[in-house]
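Undergrad: next one to model:
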Amino acid sequence: MISITKVAKPAVRPADETALRDDTSSPGSGCSAALRKLLSALAFSALLTPATLHSAAAQDSQEVSIAYLSQIVERPPKLSNLDIPPEDEGLAGGLLSIKDNNTTGRFMKQAYTLKHVEVPADGDVLAAFDALRAEGLQHIVLNVPADALLQMADRAKGEEVMLFNAGARDDRLRSADCRANVLHITPSRAMLADALAQFLAWKRWRNWFLVIGRRDGDALFGDAIKRAAKRFGAKIVAEKRWDYGPDARRTAQSEVPAFTQDADYDVLIVADEIGEFGEYLAYRTWDPRPIAGTQGLTPTTWHRTHEQWGAAQLQSRFLKTNGRFMAPLDYHVWAAIRAIGEGATRTQSTAFSDIQNYIRGDDFELAGFKGQKLTFRAWNGQLRQPILLTAARALVSASPQQGFLHERSLLDTMGLDAPESECRFE
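TA: I've put the predicted structure just below:
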């Protein structure tokens with residue numbers, strides 16, 4: 001079963017008919033018919049507020065239709081009820097972005113709509129994608145696994161369809177398995193690892209103890225950490241796999257000290273993407289050391305404590321609208337739709353080719369509330385962006401860190417640079 005939510009342009013309240021109706025009980029009821037017509041005309045013109053005039057103009061607006069396709073991921077039982085993902089995660093960011101686009105678009109006679117399709121974990125996400133293409137949707141934001149994204153990109157090859165990756169962090173999507181019709185909003189694991197490594201190098205915490213979880217994503221993030229260590233002059237002095245099972249609440253006090261006592265290190269780096277055990281390492285290690293990685297000091301695109309560079313305004317609007325804080329996935333979908341809106345606004349066109357050529361061009365920049373303009377890398381379609389380094393209730397820093405230089409952009413010090421990437425667009 002596929003759940004579909006269609007978000008159309010906001011309806012405008014019709015004019016109050018009673019204001020145009022003759023009122024025989026009014027003091028002017030004895031006036032002539034001509035005078036009553038004049039008064040009615042004046043009353044009608046008074047009702048033509050800017051919002052009403054916009055409603056009339058909106059009927060002639062060019063529409064930009066955007067789809068958001070997501071697939072529910074089967075998650076293991078949560079060890080805590082504190083961080084249950086909201087049901088509208090991602091979609092809420094998209095709705096706010098549509099509102100932002102329409103605020104700007106009304107001056108350009110452009111209107112934006114969003115169609116959300118959510119597929120269950122055991123559903124046919126490719127069939128849902130094909131249905132969106134059949135409907136003529138050309139801008140599709142995706143939160144799907146990497147393999148599904150690649151199949152969708154191949155099915156849409158040669159068509160006027162652009163995909164925006166909001167969820168898959170796999171480095172291979174920006175390297176050997178890249179596709180020309182995919183733009184990546186979410187950062188890769190390499191970008192996240194490099195952002196963390198720069199901060200640790202700046203702190204001169206160069207000896208790392210790496211703990212990797214049992215799942216495939218954990219191994220991939222572990223690989224990204226090892227790559228970052230070589231890149232920024234750190235050393236993996238110990239590497240261990242967590243094999244104690246998923247529930248460490250009762251046994252961590254005895255297991256973690258023994259697990260961490262045979263190494264001399266500066267920081268313990270955790271690769272536990274779904275949070276099976278990482279939270280239970282802090283304060284239990286044999287030596288008192290900081291925790292970083294997927295828990296502790298964490299690299300991320302967005303966090304509730306981020307208020308710099310105008311982010312407080314976006315945070316406030318999102319909180320007011322949704323009654324919760326903006327999550328990274330919300331930000332990814334928001335940024336993808338804003339990029340589309342920026343392309344339509346700047347080119348004053350809703351044509352697919354105009355929007356996409358602008359987004360991929362040298363003049364494109366997205367104001368992402370991160371202190372720098374966000375742009376796409378020409379060689380693999382990855383969005384350049386600063387990475388926040390956060391604790392549970394504090395923003396610690398943001399990478400790139402000072403002192404790490406690049407000939408093109410400081411943002412290219414994180415993730416796969418052009419000489420490193422195996423991406424070769426056809």
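Undergrad: for the stretch 201-350 of the chain, which segments are assigned as helices?
TA: For the stretch 201-350 of the chain, applying DSSP state H, counting those that start in this stretch gives helices covering 216-231, 252-260, 311-322, 328-347.
Undergrad: determine which of those approaches Arg408 most closely.
TA: helix 216-231 (16.6 Å; C-beta to C-beta). (C-beta placed from N, C-alpha, C; glycine too.)
Undergrad: who touches the closest one?
TA: 170-171, 188-190, 192-194, 196-197, 208, 210, 212, 234-236, 239, 269, 271-274, 293-294 (C-beta atoms under 8 Å, 6 or more residues apart in numbering).
Undergrad: hmm, try it at 7 Å
TA: 170-171, 189-190, 193-194, 197, 208, 210, 212, 235-236, 269, 271-273, 293-294 (C-beta atoms under 7 Å, 6 or more residues apart in numbering).
Undergrad: could you flag which of these are buried?
TA: Neighbour-count burial (16 or more other C-beta atoms under 10 Å) applied to those gives 170-171, 189-190, 193-194, 197, 208, 210, 212, 236, 269, 271-273, 293-294.
Undergrad: report the helix or strand with the lowest average pLDDT across this structure.
TA: Sorting the helices and strands of the chain by mean pLDDT, DSSP states H and E puts helix 50-58 at the bottom, at a mean of 42.
Undergrad: how much does the helix or strand following that helix deviate in direction from helix 328-347?
TA: Heading C-terminal from helix 50-58, the first helix or strand you meet, by DSSP states H and E, is strand 62-71. Comparing the axes of strand 62-71 and helix 328-347 via axes from the mean of the first three to the mean of the last three C-alpha atoms, to 10 degrees yields an angle of 160 degrees.
Undergrad: strand partners of strand 62-71, parallel vs antiparallel please.
TA: Note on strand 62-71: by DSSP bridges, its sheet partners are strand 110-119 (parallel), strand 139-143 (parallel).
Undergrad: tell me the domain ranges of the protein?
TA: Following automatic domain parsing, the chain resolves into domains at 9-187+305-374, 190-300.
Undergrad: so which of the ones you listed is the most surrounded?
TA: domain 190-300 (a mean of 19; mean count of other C-beta atoms under 10 Å).
Undergrad: how far off centre is it?
TA: Centroid separation between domain 190-300 and its chain, computed with C-alpha atoms, centre = their mean, to the nearest Å, is 25 Å.
Undergrad: now do that domain: distance from first to last residue.
TA: Distance across domain 190-300, first residue to last, is 12 Å (C-alpha to C-alpha, to the nearest Å).
Undergrad: got any ranges where the stretch 51-200 of the chain has weak pLDDT?
TA: 51-60, 75-82 (pLDDT under 70).
Undergrad: nearest residue to Phe404 other than its sequence neighbours?
TA: In space, and not counting its chain neighbours, Phe404 is closest to Thr413: 4.6 Å by C-beta to C-beta, 6 or more residues apart in numbering.
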